[in-house]
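>>> output the structure for:
(2 chains)
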Amino acid sequence: MTTAAQDAELLARVLDGDHDAFTQIMRNHEDRVFAVCLRILGDRDKALDATQETFLTVFRKANQFKGDSALGTWIYRIGVNTCYDQLRKQKRRKTDPLPEHVDPQDLGAEAAVDSAGMRPEIQRALAAIPKDFRAAIVLADIEGLGLPEVAKTLGVPVGTVKSRVFRGRRLLAQELGNQTT
Amino acid sequence: MHDRDLELIARLAEGSLDDESEARALIASSDEHRLEYEAQLMAIEALASVGPVHMSDAEKAALHRDVWTELRAGTGAETRTPWYYRFVPVAASLFVVVGIGAVVVQNGGESSDGPATLVAAEEGVTTTAADAGSEELAGDSGEDGGALAPFASADVFSKLADEVRTGRISTTNQDGSEADSDLQSCVDGAGLDGYELVGPVPTPPEIAADLNLTLVVAALNGDASRGPLAFIDADACELVYLDE
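Predicted structure coming up:
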């Protein structure tokens, strides 16, 4: 885990054209970005794509980082937004006609079972709840971020984060309960 | 269930309360609260069982290779550029204006295209200058993976919430009819207990430019004049923003 000062120094070097510094930033944050994306998207390949897109955006927007949060928080915010965008694109594509052999109700379940580190029923339940609640639970309850940092990552007030986490847990429990009945 | 009660119960399930007596009394007071506690516990225990995930060394190597390949392909690193780079497009447009002006003068100012061309060139200057000035905002308007920057959208929704509370925005359909009552199930589906559908709201233009959303608003106990307001994507029945 890097300190804020180390991250700030690396970013300054990136802005001066030091590509090795950006590679180091990737090394420092890639696991967590990937983990967040994997939990939100429920699919390893999609999470890898989203991780790549995240760091491309980080590099392109490096000069826009204002320093009002930790660099990691800013990077994870970009990661969450990238995942949201992927989910929106997935949703739009779902309106396209499907091949006859594909059962539309299985699309999410197949992706969920493919993930690592999580029992399939938990991944399925997580995939079934709205993305805003899912992201809040992933950041707070799985990645262990404090609520203020989750709030900065999601760009919402702390009160909203609390609501999303607590209500998200309830939805998750309902989904888990539905799977056993 | 009130947010405060929900928070008490959730924190009891987390084990993060210094004094549990109030929360325990709340759980004992009704089945609803007890069931909420059990749901919180179930979710917390399930999530606690989730193990860490990591990229493999091969995946990390591929990530670095693919990121640098794309960046070197010229899709742009916004490193520090000299201050005058920002004015190059403006300067180029001014050359165009001057050049066209020179042509017009040469032709005695009688070209039927002259004024229109000059206006177009001026507009080009204006547009280009605006574009140059707006580069810093581009990232905030949705280029973070194509999604909206959260702070930008939070401000937009906060403003919309104020307008709903003060009645400056109508929450009926365009023909004046009340919102479809079936949308209440959408509110429930978004996990918003205690919230009642108020009605449709227009999608703010800042958001409509990037997202195709059909928005409805719900309020705690249906009172849109105060208290929290929930903006919901009526197509997906998902909470988009909660303004507290």
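
>>> can you check the pLDDT for whichever residue of chain A sits closest to chain B?
Nearest residue of chain A to chain B, counting by Cβ to the nearest Cβ: A:Gly155, 2.3 Å away. Using the backbone N, CA and C atoms, a C-beta is placed for each residue, glycine as well. A:Gly155 is assigned 91 on the pLDDT scale.

>>> and what of the one 4 residues further on?
In the prediction, the pLDDT value recorded for A:Gly159 is 93.

>>> give me the element B:Arg11 is part of.
For B:Arg11, the host element (DSSP states H and E) is helix B:3-14.

>>> quick one: least confident helix or strand in chain A?
helix A:107-113 (a mean of 45; mean pLDDT, DSSP states H and E).

>>> could you list the low-pLDDT ranges of chain A?
A:1-2, A:92-116, A:179-181 (pLDDT under 70).

>>> so where do the helices sit in it?
Taking DSSP state H, the helices of chain A run over residues A:4-15, A:19-41, A:44-60, A:71-93, A:107-113, A:120-128, A:131-137, A:147-154, A:158-180.

>>> how about chain B?
Under the criterion DSSP H, helices of chain B are mapped to B:3-14, B:21-29, B:31-48, B:57-70, B:88-106, B:114-138, B:150-165, B:183-189, B:205-208.

>>> list the buried residues in the third one.
Of the residues in helix B:31-48, B:33, B:36-37, B:39-44, B:46-47 count as buried by neighbour count, 16 or more other Cβ atoms under 10 Å in any protein chain shown.

>>> quick one: low-confidence residue ranges for chain B.
Checking chain B against pLDDT under 70 turns up B:74-154, B:172-182, B:189-191, B:209-212, B:236.

>>> which parts of it belong to which domain?
B:3-47, B:80-139, B:150-243 (automatic domain parsing).

>>> using a markdown table, lay out the buried residues of helix B:31-48 together with distance to chain A.
Shown next, in a markdown table, are these (distance: Cβ to the nearest Cβ, whole Å):
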| residue | distance to chain A |
| --- | --- |
| B:His33 | 12 |
| B:Glu36 | 7 |
| B:Tyr37 | 10 |
| B:Ala39 | 4 |
| B:Gln40 | 5 |
| B:Leu41 | 8 |
| B:Met42 | 4 |
| B:Ala43 | 4 |
| B:Ile44 | 7 |
| B:Ala46 | 5 |
| B:Leu47 | 4 |
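
>>> relative to A:Phe34, which of these is nearest.
Nearest to A:Phe34 among the buried residues of helix B:31-48, counting by Cβ to Cβ, is B:Leu47 at 18.3 Å.

>>> the residue lying closest to the closest one once chain neighbours are set aside: what's it in contact with?
Leaving aside its chain neighbours, B:Leu47 sits nearest to A:Asp141 (4.4 Å; criterion: Cβ to Cβ, 6 or more residues apart in numbering or on different chains). Counting by Cβ atoms under 8 Å, 6 or more residues apart in numbering or on different chains, A:Asp141 makes contact with A:165, A:169, B:43-44, B:47-48.

>>> how much space separates the spatially closest residue to B:Gly227 that is not a sequence neighbour from chain A?
Nearest residue to B:Gly227 in three dimensions, chain neighbours excluded: B:Leu220, at 4.8 Å (Cβ to Cβ, 6+ apart). From B:Leu220 over to chain A the distance is 11 Å, taken as Cβ to the nearest Cβ, to the nearest Å.

>>> who's in contact with B:Leu220?
Contacts of B:Leu220 by Cβ under 8 Å, 6+ apart are B:194-196, B:227-228.

>>> are any of those buried, and if so which?
In those, the ones that pass as buried (16+ other Cβ under 10 Å) are B:195, B:228.

>>> which member of the contacts of B:Leu220 is positioned nearest chain A?
B:Pro228 (8.1 Å).

>>> contacts only, for that closest one.
B:Pro228 touches B:3, B:219-220, B:242-244, counting by Cβ under 8 Å, 6+ apart.

>>> now it: phi and psi?
phi -70, psi 150 (degrees, to the nearest 10).

>>> of all the contacts of A:Asp141, which two lie farthest apart?
The widest separation within those (Cβ to Cβ) is 14.1 Å, between A:Val165 and B:Ala48.

>>> about what we covered before: just the CA atoms of the helix holding B:Arg11, as CSV, please.
Below are the C-alpha coordinates for helix B:3-14, written out as CSV (Å, rounded to 0.1, in the frame of the first residue of the first chain):
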residue,chain,number,x,y,z
ASP,B,3,-33.2,5.5,8.2
ARG,B,4,-32.1,5.9,11.8
ASP,B,5,-33.7,2.6,12.8
LEU,B,6,-32.1,0.9,9.8
GLU,B,7,-28.7,2.2,10.7
LEU,B,8,-29.0,1.1,14.3
ILE,B,9,-30.0,-2.4,13.3
ALA,B,10,-27.3,-2.6,10.6
ARG,B,11,-24.6,-1.4,13.0
LEU,B,12,-25.7,-3.9,15.6
ALA,B,13,-25.4,-6.6,13.0
GLU,B,14,-21.9,-5.3,12.2
